[in-house]
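**Q** have a look at this fold, sequence not included:
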């Protein structure tokens, strides 16, 4: 079992839809969490950090539930440009190495 | 400013040959990481450098894999006697001190025939 598990996807949604991604982590020592975005044949790029208090960046909202070891990402009003693979990531702060989920592919259609 | 750069961008080699992959981190970043992304395994950590030392090598899959960093800057990942299962995209990332955001390079696509 992987340390970070994500929805398998792919998610195919129309423009304007709201889509939610879920992620769970198994190591309670994990201290920091992130969502990364990876476009086809490109490197991963940080989308946003995830906090217990929840955080919002425009159309994107991320939430962390430490008790349930559960992380979520909500995308509102989906755009064609949101099409990518979304990677859930945990860090144990031992040198900061990133532990990646397998990624969830999102395809936004016109 | 300049981001993380990696070379070569693509490498095709024959089984059994050695390969060297290079990473140039963002100037001033003391932490450097190597990851591997393959179809079956997703993105996996290989090794972490703080300065020139490697306090965490736990992700290196076998003793055919080694890495070094010199001058607190450039790093090379060497794979000896390559096998077909080594085919993957090798990604390098750097961060200012090891606890901040990691910035990834474009990767080296390695294909072992």
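**A** Now that the structure is in, tell me what you want to look at. Keep in mind that this is a model prediction, so the values were computed, not measured. Numbering: from 1, shown residues only, chains lettered A, B, ... in the order given.
**Q** who are the neighbours in contact with residue A:29?
**A** residue A:92 (C-beta atoms under 8 Å, 6 or more residues apart in numbering or on different chains). Backbone N, C-alpha and C define where each C-beta goes, glycine included.
**Q** cool, the one 5 residues further on as well?
**A** Residue A:34 is in contact with A:46, A:47, A:48, A:49, A:50, A:88, A:89, A:91, A:98, counting by C-beta under 8 Å, 6+ apart.
**Q** so how far is residue A:37 from the closest residue to residue B:102 other than its chain neighbours?
**A** Counting by C-beta to C-beta, 6 or more residues apart in numbering or on different chains, residue B:93 is the residue found nearest to residue B:102 once chain neighbours are left out, at 4.1 Å. Relative to residue A:37, residue B:93 is positioned 15 Å away (C-beta to C-beta, to the nearest Å).
**Q** what's the answer for residue A:102, then?
**A** 15 Å.
**Q** ok, which residues in chain B are in contact with chain A?
**A** Neighbours of chain A within chain B, by C-beta under 8 Å from any C-beta of the partner chain: B:31, B:33, B:35, B:42-45, B:48, B:50, B:55-56, B:59, B:91, B:93, B:95, B:98-102, B:104-107.
**Q** what remains of the residues you listed if I keep only buried residues?
**A** By neighbour count, with 16 or more other C-beta atoms under 10 Å in any protein chain shown, the residues of chain B next to chain A hold B:31, B:33, B:35, B:42-45, B:48, B:50, B:56, B:59, B:91, B:93, B:95, B:98, B:102, B:104-107 as buried.
**Q** re the thing from before, closest one of the contacts of residue A:34 to chain B?
**A** Taking C-beta to the nearest C-beta as the measure, chain B lies nearest residue A:46 of the contacts of residue A:34, at 5.4 Å.
**Q** doesn't that closest one fall inside a helix?
**A** No. Under the criterion used here (DSSP: H, G, I helix; E, B strand; the rest coil), residue A:46 is strand, not part of a helix.
**Q** surely residue A:88 and residue A:100 touch.
**A** Yes. With contact defined as C-beta atoms under 8 Å, residue A:88 counts as touching residue A:100 (7.5 Å).
**Q** which one of those two is surrounded by more residues?
**A** residue A:88 (28 against 24; other C-beta atoms under 10 Å in any protein chain shown).
**Q** sorry, back to before: among the contacts of residue A:34, which are in reach of chain B?
**A** Answer for those near chain B (C-beta under 8 Å from any C-beta): A:46, A:98.
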